[in-house]
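[1] Quick one: sequence and predicted model below, then my questions.
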Amino acid sequence: MRRAVCPGSFDPVTNGHLDIVSRAARLFDEVVVAIGTNMSKSRLFTPDERIAMLEEATAGIANVRVAGFEGLIVDFCREIDAVAIVKGLRGSGDYEYELPMAQMNSHLTDVETVFLPGAVGNAFVSSSLIKEVAALGGDVRGLVPDAVHDQLVRRLAERRA
């Protein structure tokens, strides 16, 4: 079985993330969406909330499962016998950021990194931008799954209160 990992913080998951996950699912026998659960980082959603959102968002993709991880992604890949790490690229800035990590991961293990270009319609979408726009009252519907949108709006309202 050829297993790949799509790692990220997914705070929150966006339609851009789901595009990469679904395309990776067509290339590999199994895709594990690996959510970084580093508790020292400040996130809008808890690891359990992010896992639940991703499980709901990927429920229709038979060969995708979701898991949390701490530490190095290459160690997680070794634990689950993954052959590849799949990363989405929105543009040259992502490539410049991701390439050194891919090279370090290659130095540490034999797990390959596969880059998939993001769909044109998602090229500007990032979790950070989604949170910023939504916090300022902008409409981010269509950029995140509907259930995620509802949770995002609720959480931002809680933070304002």
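    It's in.
[2] can you give me the helices for this structure?
    Using DSSP state H, the helices of the chain run over 15-27, 47-57, 73-80, 92-108, 127-135, 146-160.
[3] will you turn these into CSV that also has mean neighbour count?
    Just so you know, the C-beta spots here come from the backbone N, C-alpha and C atoms, and that holds for glycine as well. Listed next are the helices of the chain as CSV, based on neighbours: other Cβ atoms under 10 Å:
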stretch, mean neighbour count
helix 15-27, 19
helix 47-57, 19
helix 73-80, 17
helix 92-108, 13
helix 127-135, 17
helix 146-160, 14
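[4] which one of those helices lies closest to residue 119?
    Nearest to residue 119 among the helices of the chain is helix 15-27; the distance by Cβ to Cβ comes to 5.0 Å.
[5] And the helices of the chain: which comes nearest residue 86?
    From the helices of the chain, taking Cβ to Cβ, the stretch that ends up closest is helix 15-27, at 4.3 Å.
[6] What helices and strands are in contact with the closest one?
    Using 3 or more Cβ pairs under 8 Å, 6 or more residues apart in numbering; DSSP states H and E as the contact test, the elements touching helix 15-27 are strand 3-8, strand 30-36, strand 64-69, strand 84-89, strand 112-117.
[7] rerun that using 6 Å as the cut-off
    Helices and strands touching helix 15-27, as assessed by 3 or more Cβ pairs under 6 Å, 6 or more residues apart in numbering; DSSP states H and E, comprise strand 3-8, strand 30-36.
[8] Report the angle between it and strand 64-69.
    Counting by axes from the mean of the first three to the mean of the last three Cα atoms, to 10 degrees, helix 15-27 lies at 120 degrees to strand 64-69.
[9] change the start of the numbering to 42 and stick with it
    Sure thing, new numbering starts at 42, so read that last one as helix 56-68.
[10] List the contacts of helix 56-68.
    Counting by Cβ atoms under 6 Å, 6 or more residues apart in numbering, helix 56-68 makes contact with 45, 47, 72, 74, 98, 102, 104-105, 127, 129, 157, 159-160, 163, 166, 184, all of which sit outside it.
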